[in-house]
Every structure is written in structure tokens, then in C-alpha cells.
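> sequence below, structure please.
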Amino acid sequence: MTTAYTDYTYYTTTYLGTSIASADFARLALRASAVIDSITFGRAATDTDNTDAIEMATCAVAEEYQRVELDGNADGIASESIGSNSVTYTENSAKQRTANEKYIASAAVYLGSTGLMFPGFAAGEYSGESASDED
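Alright, predicted model coming up:
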């Protein structure tokens, strides 16, 4: 996938987003679209029935990407003690895992009922036949 599933105009006029600046949107939407591809197992790229849900999910994930960027990508502080100056840092992998969970949750609000996130496949999905062809 080399293009984003949505654009800044959709973000501001349909999704009614305000937190992402125009200059940052293309970058964030491209990353968000990669997440959408991953969690839909590539189905979003060819789906024509759920384009609005896909665009809304892309906007939601793009906003979540921005939140994660603003929070910082480095290890976070898990705990800190003033006496004896003890600082415990979270593992970067745990922080990334948490970010990925947020991306998926953001997308699921819009894609959860579409079937695009289903990890299996529908009858005929890969054979070129539709489920209605089996009757």
C-alpha cells in the first residue's frame, strides 16, 4: 500500500477532526493506513462496501499515532522514588505493544462490525466465488 485511505479534507469535513495539522496529516494517514491494512488482512484495499468506515478508522488511528508521537517514543518512566533516586523505566517493547493496542482499538470502533477485522475468511473469499454462489 503506497497511498493513504483518506485525505485531510475528509478528516476535517466528515470525521470533523481538529487535532492534526494539515502538514502532518499525510504522514500520519499513511502510517494509519498501514495499520488498517494489517488489522484487515489486506481486505481494506479492495473493499468497496465499507469505504466510509475505512476512512473513519484511518482518521482515528492517525489521531492515535499523533498522541503516541507527542507522548514520546522513548522508554517511559514506570516508577520513580525520590529517596535514593530510584527510577524504573518501562520496556520499549511494552510501550510499543500498548501503542499497537490503542491503534487497533481506535480502528475497531469503525471497523468492528464490518467483518474486515475477522481473522478467518468468508466462503469463496480467495476462490473468486461469493458465498451466494454456493446456493
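> which strands or helices does the helix or strand hosting residue 37 pack on?
Here residue 37 sits within helix 22-39, counting by DSSP states H and E. Using 3 or more CB pairs under 8 Å, 6 or more residues apart in numbering; DSSP states H and E as the contact test, the elements touching helix 22-39 are helix 8-13, helix 51-71, helix 92-111. Just so you know, the C-beta spots here come from the backbone N, C-alpha and C atoms, and that holds for glycine as well.
> got these as a markdown table, with mean pLDDT, distance to residue 117 and mean neighbour count columns?
A markdown table is the format used below for these (pLDDT from 0 to 100; distance: least, CB to CB, whole Å; neighbours: other CB atoms under 10 Å):
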| stretch | mean pLDDT | distance to residue 117 | mean neighbour count |
| --- | --- | --- | --- |
| helix 8-13 | 98 | 21 | 16 |
| helix 51-71 | 95 | 10 | 21 |
| helix 92-111 | 84 | 5 | 16 |
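> just send these back as JSON lines, with distance to residue 40 too.
JSON lines is the format used below for these (distance: least, CB to CB, whole Å):
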{"stretch": "helix 8-13", "distance to residue 40": "18"}
{"stretch": "helix 51-71", "distance to residue 40": "8"}
{"stretch": "helix 92-111", "distance to residue 40": "7"}
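> quick one on the thing from earlier: now the angle between helix 51-71 and the helix holding residue 37, please.
Interaxial angle, helix 22-39 versus helix 51-71 (axes from the mean of the first three to the mean of the last three CA atoms, to 10 degrees): 110 degrees.
> for helix 22-39, buried residues please.
Neighbour counts over helix 22-39 (16 or more other CB atoms under 10 Å) mark 25, 28-36, 39 as buried.
> closest one to residue 20 among the helices and strands packed on helix 22-39?
Ranking those by their distance to residue 20 (criterion: CB to CB) puts helix 51-71 first, at 5.6 Å.
> how distant is that closest one from the center of its chain?
Centroid separation for helix 51-71 versus its chain: 6 Å, with CA atoms, centre = their mean, to the nearest Å.
> make 21 the first number, not 1, from now on.
All right, first residue 21 from here; so that's helix 71-91.
> that one vs helix 112-131, what angle?
150 degrees.
> other SSEs contacting helix 71-91?
Here helix 71-91 touches helix 28-33, helix 42-59, helix 112-131, going by 3+ CB pairs under 8 Å, 6+ apart.
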